[in-house]
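K.L.:
just coords:
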């Protein structure tokens, strides 16, 4: 299959340094809110790229669940392949891409595990059946004989924890925060003359950002 003749011209918006905020998180909040207001499908979905000791990069979609003062929060299985990568190499990058807005955001930084109390609070906000599913997926990415095995385990948990029961958070499940060192805002433009504005933290002790334009 040859896709070399497929073209889309991006012409919906632009990025101009003269009216950008000095704080990367101000612009991050603005862009996320725009994606929500424009009813982008799953605006919180982001690609998470990790790389463990084997040097082999891995990428998958996860859901951003909170923007903090320093980064982004997401939740997963602590025994998953991505968690193992982050244990071996606590550096990662996430990517948001919203085709409807012709925009993407890349955020790279260091991974920090969340306190248990924070993971508990979020776990019990999830739908009841999603809480049960976290117990089924153990170990996440592990080999399972069939779909029927998964369904049987889910049915057993459903019987043990009916809809009005409190489901305990598994010790192997919880949250991480990606502490942002660099955030790149990409706005598609006509003729592949895209806008790329990069914010870099000055230092770990300094909350300021260095801002620069990069070639597309």
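P.N.:
Received, thanks. Since the structure is predicted, the reported quantities are computational estimates derived from the model, not experimental observations. Numbering: from 1, shown residues only.
K.L.:
so where's this structure uncertain?
P.N.:
Counting by pLDDT under 70, the chain shows low-confidence ranges at 204-206.
K.L.:
which residues in it form strands?
P.N.:
Assigned by DSSP state E, the strands in the chain fall at 45-51, 57-63, 66-67, 71-77, 91-98, 103-113, 173-187, 195-201, 209-213.
K.L.:
relative orientation of the fourth one and strand 103-113 in degrees?
P.N.:
For strand 71-77 against strand 103-113, the angle by axes from the mean of the first three to the mean of the last three CA atoms, to 10 degrees is 70 degrees.
K.L.:
Reformat the strands of the chain as a markdown table; add mean neighbour count and distance to residue 12.
P.N.:
Every residue, glycine included, has its C-beta placed from N, CA and C. Formatted as a markdown table, the strands of the chain follow (neighbours: other CB atoms under 10 Å; distance: least, CB to CB, whole Å):
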| stretch | mean neighbour count | distance to residue 12 |
| --- | --- | --- |
| strand 45-51 | 19 | 20 |
| strand 57-63 | 13 | 24 |
| strand 66-67 | 15 | 24 |
| strand 71-77 | 21 | 25 |
| strand 91-98 | 19 | 11 |
| strand 103-113 | 19 | 9 |
| strand 173-187 | 21 | 8 |
| strand 195-201 | 19 | 12 |
| strand 209-213 | 14 | 19 |
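K.L.:
Pipe those strands into CSV and attach distance to residue 3 per row.
P.N.:
Output for those, formatted as CSV (distance: least, CB to CB, whole Å):
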stretch, distance to residue 3
strand 45-51, 20
strand 57-63, 21
strand 66-67, 35
strand 71-77, 32
strand 91-98, 18
strand 103-113, 20
strand 173-187, 21
strand 195-201, 24
strand 209-213, 30
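K.L.:
which one of those strands lies closest to residue 149?
P.N.:
Checking the strands of the chain against residue 149 by CB to CB gives strand 71-77 as the closest, at 17.4 Å.
K.L.:
Walk me through which strands the closest one pairs with, and which way each runs.
P.N.:
Looking at strand 71-77 with DSSP bridges, its partner strands are strand 66-67 (antiparallel), strand 173-187 (antiparallel).
K.L.:
Sounds good, over and out.
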